[in-house]
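A.B. asks: From the sequence below, what's the structure:
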Amino acid sequence: MVVRGEEQAMRAAIAASEQVRGTTSPNPPVGCVILGAGGEVVGVGATRPPGGPHAEVVALRAAGERAEGGTAVVTLEPCSHTGRTPPCTDAL
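C.D. replies: Now for the predicted structure:
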């Protein structure tokens, strides 16, 4: 995926969230794009069904070490509480 800048990354994150709409309740359908230190897309994720990882964790897993020093572009503020999964703020 070729993305230029954070605005286009947000568009890609929105597209990822749209792909899971209707499958994540009671969680919202969230998308996340991880940009590497050079601004290239290194990971994309969307929230999985209940009990599964949130978008940020999916994208970080896809990015692996390439996420180091990068930027997370997320369609909704990352959670900071423990529920079925740990806080996304800790993962980021």
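
A.B. asks: Now do the same contact list for the spatially most central residue of the chain.
C.D. replies: Centroid-nearest residue in the chain: Cys32, 2.3 Å away (criterion: Cα atoms, centre = their mean). Counting by Cβ atoms under 8 Å, 6 or more residues apart in numbering, Cys32 touches 13, 16, 43-46, 55-56, 58-59, 72-75. Where C-beta positions appear, they are placed from N, C-alpha and C, glycine not excepted.

A.B. asks: So which of these wins on neighbours?
C.D. replies: Neighbour counts for those, by other Cβ atoms under 10 Å, peak at Ala55, which reaches 30 neighbours.

A.B. asks: Who are the contact partners of that one?
C.D. replies: Contacts of Ala55 (Cβ under 8 Å, 6+ apart): Ala13, Ala16, Ser17, Val30, Gly31, Cys32, Gly45, Ala46, Thr47, Val74, Thr75, Cys88.
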